[in-house]
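Undergrad: output the structure for:
(one chain, ligands or ions: 1)
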Amino acid sequence: MANIVLVGAQWGDEGKGKIIDFLTEKSDYVVRFQGGSNAGHTVRVGAERFVLHQIPSGIIRNHIICVIANGVVLDPEELIHEIGNLKKRKIRVDGRLFVSDQAHVIMPYHKLFDRLAEQENEKRKIGTTQRGIGPCYADKAARLGIRVGDFLDIPVFKQRLKQVLDAKNKVLKFIYRHPTLSYTDILKRCLAYRKRLLGYTRNTPQLLHDAVHKRKRILLEGAQGTFLDVDHGTYPYVTSSNSSVGGAITGTGMGLRDVHKVIGVVKAYTTRVGEGPFPTEMEPAMLRKVRDWGEEFGATTGRPRRCGWFDAVLTRQAARVNGLDSIAVTKLDVLDNLKEIKICTTYKYHGRTLRDLPSHVEVLKQCRPVFRTVKGWHSSTSQITKFRDLPKLAQQYLRVLEKLVETPIEIVSVGSSRSQTIVL
Ligand code: IMP
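TA: Below is the predicted model:
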């Protein structure tokens with residue numbers, strides 16, 4: 001198996017960073033294909049902890065080439081900061097990191113519009129990370145975006161910025177009654193970004209085509225999760241990119257046939273950050289325990305995550321949308337102390353049983369989970385390295401998930417370090 005796409009199969013924060021890090025041992029390239037600095041991938045190497053927002057997790061391993069592909073919305077300020085942090089920790093970045101000239105740039109006004117939109121209407125609030133993601137993708141679709149490649153030619157860039165900023169300032173002034181932004185200030189900031197980022201800029205679809213041609217092993221790293229996907233998620237409580245498998249194709253320029261395997265990452269339970277329906281959300285006492293054990297706080301915003309039981313209706317849908325070949329189950333050890341564990345098998349909607357995820361969020365909001373309760377194993381799994389050595393009840397729990405999701409489990413993670421990984 002050469003090229004793998006790894007996607008989140010829930011609402012993000014499934015622990016993809018750890019699985020990507022594990023898989024990079026057998027990869028040559030790691031590629032981010034969508035999202036932006038809203039993501040936070042945590043990787044632990046020995047006593048060290050790395051949190052990456054835009055740079056692919058592969059950067060930690062010295063042999064990997066990392067690509068930020070065209071589907072990403074790039075925050076230049078954050079990227080410069082991230083590069084600086086890695087360099088301080090003696091990670092080689094130059095010559096190993098390439099940024100697509102077709103990636104759209106998150107401009108200062110995108111962050112401002114993200115904040116203003118969230119403040120404007122409490123009822124319509126999405127609970128975004130306020131990183132400017134939605135406004136940047138909106139401009140991309142409206143053909144008002146600025147791309148990394150636009151930085152190359154300064155006179156052309158100046159003209160483009162002027163046009164776009166004029167349009168943005170009209171909205172700021174007349175819709176939001178907010179002070180307008182200064183062209184000179186933004187231009188100055190952009191010229192500084194240009195200087196720092198030019199050396200990393202490449203035609204990444206071409207770079208990846210060359211890699212495919214040379215039979216390099218490419219790992220495509222999804223951010224967020226399937227149900228935050230703008231097409232397949234719980235719209236409108238979603239992010240603004242395709243975080244399911246389709247984004248890996250449009251977001252890199254690789255062909256469908258160049259992908260050989262799709263792995264979905266799921267937590268042994270479920271979490272969600274921000275607003276939106278969450279049928280299996282736990283009652284407060286249990287939620288607090290699981291949040292504590294699982295350290296369920298956002299890697300980007302520090303917000304406490306909502307916690308719930310494993311939802312097989314949701315993950316079965318993710319298996320289909322992504323065409324999953326296998327799943328990686330993370331954080332099994334977080335459930336070690338429970339006497340009983342619930343698994344949602346179907347939903348009840350006005351007396352009807354639903355086996356499949358409803359397509360409309362208003363229906364989902366009214367769905368009640370139907371749980372199967374299984375016995376907990378009530379012992380520590382965090383030092384176990386083989387499936388057969390797991391407690392029988394933990395093995396049974398995993399087999400139930402596998403059956404309900406209709407997809408084989410390939411990897412089980414029982415802790416944050418590389419060694420705490422079981423391969424089936
Ligand atoms: P945005 O991507 O900042 O526009 O946020 C839209 C929704 O996606 C909000 O509910 C966020 O909490 C959620 N979201 C965005 N990125 C992540 C992530 O990396 N993990 C979990 N949730 C996320």
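
Undergrad: tell me how this structure divides into domains.
TA: Here the domain parsing of the chain from automatic domain parsing is 4-100+201-263, 104-197, 267-423.

Undergrad: what about the last one, how long is it end to end?
TA: With C-alpha to C-alpha, to the nearest Å as the measure, the ends of domain 267-423 fall 16 Å from one another.

Undergrad: now the first one
TA: Using C-alpha to C-alpha, one end of domain 4-100+201-263 lies 7 Å from the other.

Undergrad: what is the neighbour count of the residue in the stretch 1-150 of the chain that the ligand sits nearest to?
TA: Going by C-beta to the nearest ligand atom, the ligand is nearest to Gly12 of the stretch 1-150 of the chain, at 2.9 Å. Any C-beta I mention is one placed from the backbone N, CA and C, and that applies to glycine too. Neighbour count for Gly12, taken as other C-beta atoms under 10 Å: 27.

Undergrad: could you do Lys342 as well?
TA: Lys342 has 18 nearby residues by other C-beta under 10 Å.

Undergrad: repeat that for Lys261.
TA: 15.

Undergrad: so it makes contact with Val5?
TA: Yes. Using C-beta atoms under 8 Å, Lys261 makes contact with Val5 at a distance of 7.4 Å.

Undergrad: which parts of the stretch 101-250 of the chain sit against the ligand?
TA: 126-129, 131, 133-134, 223-224, 228, 237, 239-240 (C-beta under 6 Å from any ligand atom).

Undergrad: which residues of the stretch 201-350 of the chain fall in strands?
TA: Using DSSP state E, counting those that start in this stretch, the strands of the stretch 201-350 of the chain run over 201-202, 218-221, 261-267, 270-272, 306-308, 310-311, 326-330, 340-349.

Undergrad: equivalent analysis for the stretch 1-150 of the chain, please.
TA: According to DSSP E, counting those that start in this stretch, the strands that the stretch 1-150 of the chain contains are 4-8, 29-32, 41-45, 48-52, 65-68, 73-74, 97-100, 104-105.

Undergrad: for the protein, where's the lowest mean pLDDT among helices and strands?
TA: Among the helical and strand segments of the chain, the one scoring lowest on mean pLDDT, DSSP states H and E is strand 41-45, with a mean of 83.

Undergrad: helices or strands up against it?
TA: Counting contacts by 3 or more C-beta pairs under 8 Å, 6 or more residues apart in numbering; DSSP states H and E, strand 41-45 packs against helix 16-23, strand 48-52.

Undergrad: so how far is Val93 from Arg189?
TA: 22 Å (C-beta to C-beta, to the nearest Å).

Undergrad: I appreciate the help and will end here.
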